[in-house]
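Participant: model this:
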Amino acid sequence: MLYMDLEYCKGVLFVRLDGKLTRKNTYRINNYLTPVLVKHRIKYLVYNLFSISEMDDYGVDAILRTKHAVKGNHGYVCLCEVPEQFQKQLKRLRVSVTESELTALEKLKV
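Facilitator: Residues are numbered from 1 along each chain as shown. Prediction:
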């Protein structure tokens, strides 16, 4: 099961993921989050991955799709609190990785 907590603050959409980001659960990101990004023209997206327990390549691809949607809006994606076990998988995304949501806000300069 994958839970998403969405919070929009100061022009930044914070997405806190909890659970397993695997093939079974990526539809939540692909079918719900990505259309929201496109419809509302979200420019800044911060993922908090602290509570992710499992991730496969489909999960990484789902995050990549949201990155492309935000890039289409001329924005930026930032990952924060990434567990060490997933850092190697997420390197291919070429996005900023920070220690916390506060440092992500500072990095985005919003």
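Participant: going by C-alpha atoms from here, please, whenever you check contacts or count neighbours.
Facilitator: Fine.
Participant: residue boundaries of the strands in the chain?
Facilitator: 2-9, 12-21, 44-55, 76-80, 96-98 (DSSP state E).
Participant: so which of these is the most packed in?
Facilitator: Stretch with highest mean neighbour count among the strands of the chain: strand 76-80 (a mean of 22; mean count of other CA atoms under 10 Å).
Participant: phi and psi next, for residue 83.
Facilitator: phi -60, psi 150 (degrees, to the nearest 10).
Participant: check contacts around it.
Facilitator: Residues in contact with residue 83 (CA atoms under 8 Å, 6 or more residues apart in numbering) are 49, 50, 52.
Participant: the first one reaches residue 82, doesn't it?
Facilitator: Yes: taking CA atoms under 8 Å as the definition, residue 49 is a contact partner of residue 82 at 5.2 Å.
Participant: hmm, back to that, just the closest of the contacts of residue 83 to residue 69, please.
Facilitator: Nearest to residue 69 among these, counting by CA to CA, is residue 49 at 19.1 Å.
Participant: separation between that closest one and residue 72?
Facilitator: Applying CA to CA, to the nearest Å, the value for residue 49 to residue 72 is 23 Å.
Participant: related to what we said a few turns ago, least reliable of the strands of the chain by average pLDDT, please.
Facilitator: Mean pLDDT is lowest for strand 96-98 among the strands of the chain, at a mean of 90.
Participant: what's it packed up against?
Facilitator: Here strand 96-98 touches strand 76-80, going by 3 or more CA pairs under 8 Å, 6 or more residues apart in numbering; DSSP states H and E.
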